[in-house]
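A.B. asks: My questions concern the predicted model and sequence given below.
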Amino acid sequence: MTSTVLPQVATPVKRSKLLRSLNDCIVVTERNLVAYVRIPDQLFFSSVQPIMFVLLFRYVFGGAIDTPGMSYVDYLMPGIFVQSLLFGCVSTSVGLAEDLQKGLIERFRSLPMARSAVLFGRTISDAVRNIFVMILITLVGFAVGFRIGTSFGLYLVAFALLILFAFCFSWVFAFIGLSASNSETAGLMAFPILFPLTFASTAFVPAESMPTWLRWFAEHQPVSIAVNATRGLMQGGPGADTTHWVVMTLIWSAIFLVVFVPLAVWRYRRVG
Amino acid sequence: MSAAIEAEGLTKTFGGDVLALNGVGFTVEEGTVLGLLGPNGAGKTTTVRVLTTTLIPDSGRARVNGLDVVKDANKVRSSIGLAGQYAAVDANLTGRENLRMVGQLFQLSRKDASRVADELLEHFNLTEAANRPSKTYSGGMRRRLDIAAALVVRPPVLFLDEPTTGLDPNSRTAVWQVVEDLVENGTTVLLTTQYLEEADRLADNIVVVDRGAVIAEGTPATLKSTLGETVLDLGFPDTSTALEASQLFLGKWPAPPVLDGSILELPIDTGPSQVMLALRKLDEAGLAPTSMTLREPSLDDVFLSLTGRRTDLDEDQ
């Protein structure tokens, strides 16, 4: 040790409880975003996967799938947007499981900070990353022939709706991440949830082509609802229908939040 | 003098059947260092986790700075620092960013958090590495950063969970120096360790835990006097000769001898004359040892004399 004089003690800023929680949340979000910038390969590979899906469905499967009323690429892209953002939620659970495994959560829990800040910090930084993913996939979509059938304004509405929907959905994964025994398991646990929801949906094929029992599921589950809302906003269609899907998407988002925020916070308090 | 840490009858069971704490209790006076000594899996870390509010005990009570660790958890968190094997620093953040983050989470302003971070880096000789991600740090550097993170608000009570496990001798001495500086400045420290030497050097009092319960407590001097200052290891050609030799000392030696296979361990507390006495006894009986070592008593010896068995390193969880 070179110096034996310890630093002067600084006085904490007096803040209300709400402002303290907000401060904690911002600090943790910032910390997560720094990690995204510092490990660019993670960001790179999480962008590669959605691009592969665009190319796969556009050029490999697309020719075999019939979509009434619009070209397949215009049908496909809303599905890809939803699917990519939801697959991105895996990083919410893996990130939290890693923090847990490495002892960072233990450090956070010993600090006088808001119990929900670590979780909000994670889900918010993942939402910020999702904004980049959305922009990237939009550009790739344009490159392979996707066009917005309505207006740029409605595209932005869809954009915002999906970021919100994915943010709410990521709380399911926050809960999973805190319940997994390690980060590998956290990653694996996501797929039995994501695959049925994204593929048994209206994201890539019309539900009419499915057997009756599956069709019922595909038409009523939240991912299809979000896809229908996005498709309506980006490609048009009967106006009343689109409004219905958008409202349903908002309702599902609220359900995810109301159920999984308390569950995840409860898990955070208990974990370990 | 008042108590900075009071623990009473703490119990904790994991997963329904793993009894991690089985009635741990002790008191740490303000401004002193308590060494919590025990093998892996003895309940040291679990005790620290209860005292630092990250784990709720099944029963029992604990107070830190007079505040209940369950009921006033958030107030306790404002007045403690935690460093060690269980609580980590962020590998992707630089040393400076790590310390600044902790400062901000203690509600310091951005400016104050940066200033404190820089001063701590300077104090812990990490200024040169300040802007490197902490995953590039050596074990000793990371441990110093970890301790620095626990000192951001200069808490009156500091918990160090195995602060030197896995460190090379130089880094270990550096960490010890830090702890001694802090204690000089009035900080109360609870440190867990597997090393008797470390507890001996730093602690005013030692609590020995085993299987979730306190099995001995006292000053390092009292604990050592029950063991003898030094241990004389005498090796014999076979176990039966060693057994024969042990009969010479059984009941006739200040502290009981211990037989470990073909090795006879004799506690020595009055210096070289006692060693000579031992050798003379063996010579008279015509029993010649094949090897001879004088050493400091280890944690293993403390355990053996307290519990009659060696430390259960296999029970590590």
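C.D. replies: Done, it's in.
A.B. asks: give me phi/psi at the residue in the stretch 151-300 of chain B that chain A sits nearest to?
C.D. replies: Proximity of the stretch 151-300 of chain B to chain A (CB to the nearest CB) peaks at B:Arg154, 4.8 Å away. The C-beta positions use only the backbone N, C-alpha and C, and glycine is treated the same way. For B:Arg154, the backbone dihedrals are phi 50, psi 70 (criterion: degrees, to the nearest 10).
A.B. asks: How about the residue positioned nearest the centre of chain B: what's its closest non-neighbour residue?
C.D. replies: Central residue of chain B (CA atoms, centre = their mean): B:Thr193, 1.9 Å from the mean position. Nearest non-adjacent residue to B:Thr193, counting by CB to CB, 6 or more residues apart in numbering or on different chains: B:Ala199, 5.5 Å away.
A.B. asks: Let me see the contact set for that neighbour.
C.D. replies: Applying CB atoms under 8 Å, 6 or more residues apart in numbering or on different chains to B:Ala199 gives the contacts B:35, B:37, B:191, B:193, B:206, B:220.
A.B. asks: who touches the fourth one in this structure?
C.D. replies: For B:Thr193, the contacting residues are B:35-37, B:162-165, B:199, taking CB under 8 Å, 6+ apart as the criterion.
A.B. asks: how much space between it and B:Leu202?
C.D. replies: 8 Å (CB to CB, to the nearest Å).
A.B. asks: now swap in the third one and tell me
C.D. replies: Spatial separation of B:Leu191 from B:Leu202 under the definition CB to CB is 6 Å.
A.B. asks: more crowded one of those two?
C.D. replies: The neighbour comparison of B:Leu191 against B:Leu202 (other CB atoms under 10 Å in any protein chain shown) goes to B:Leu191, with 26 against 23.
A.B. asks: what's that one in contact with, if anything?
C.D. replies: B:Leu191 is in contact with B:33-36, B:159-161, B:163, B:179, B:198-199, B:202-203, counting by CB under 8 Å, 6+ apart.
A.B. asks: quick one: which of these is most hemmed in?
C.D. replies: B:Leu36 (31 neighbours).
A.B. asks: Correct me if wrong: that one contacts B:Val50.
C.D. replies: No - using CB atoms under 8 Å, B:Leu36 is not in contact with B:Val50, being 12.0 Å away.
A.B. asks: ok so, going back, which element is the residue nearest to B:Thr193 on?
C.D. replies: Element membership of B:Ala199 [criterion: DSSP states H and E] is helix B:196-202.
A.B. asks: For the stretch 1-150 of chain B, which segments count as strands?
C.D. replies: Shown for the stretch 1-150 of chain B, the strands assigned by DSSP state E, counting those that start in this stretch span residues B:3-14, B:18-29, B:33-37, B:59-64, B:67-68, B:80-84.
A.B. asks: For the stretch 1-150 of chain B, which residues score under the pLDDT cut-off?
C.D. replies: Applying pLDDT under 70 to the stretch 1-150 of chain B picks out residues B:1, B:86-87.
A.B. asks: Would you map the helices across it?
C.D. replies: Secondary structure of the stretch 1-150 of chain B (DSSP state H, counting those that start in this stretch): helices located at B:44-51, B:73-78, B:95-105, B:110-123, B:139-150.
A.B. asks: before we move on, the earlier item: distance check, the residue nearest to the centre of chain B against A:Trp216.
C.D. replies: 62 Å.
A.B. asks: Now the common contact residues for B:Thr193 and B:Leu202.
C.D. replies: Counting by CB under 8 Å, 6+ apart, the residues touching both B:Thr193 and B:Leu202 are B:Gly35.
A.B. asks: Please name the nearest non-neighbouring residue to B:Arg103.
C.D. replies: Actually, residue B:103 is Gly. It isn't Arg. Nearest non-adjacent residue to B:Gly103 (CB to CB, 6+ apart): B:Ala113, at 3.1 Å.
A.B. asks: can you give me phi and psi for the residue nearest to the centre of chain B?
C.D. replies: B:Thr193 adopts backbone torsions of phi -160, psi 160, taken as degrees, to the nearest 10.
A.B. asks: And B:Asn205, by the same measure?
C.D. replies: Torsion angles, degrees, to the nearest 10, at B:Asn205: phi -130, psi 150.
A.B. asks: ok, now which ones touch A:Asp99?
C.D. replies: A:105, A:108, A:118.
A.B. asks: just checking: which of the residues you listed also lie near chain B?
C.D. replies: Contacts with chain B within those, as defined by CB under 8 Å from any CB of the partner chain: A:Phe108.
A.B. asks: Go through the contacts of A:Asp99 and give me the one with the most neighbours.
C.D. replies: In these, the most neighbours by other CB under 10 Å go to A:Val118, 28 neighbours.
A.B. asks: Go ahead and confirm that residue touches A:Ile105.
C.D. replies: Yes - assessed by CB under 8 Å, A:Val118 is found in contact with A:Ile105 at 6.6 Å.
A.B. asks: Now do the shared contacts for these two.
C.D. replies: A:96, A:99, A:268.
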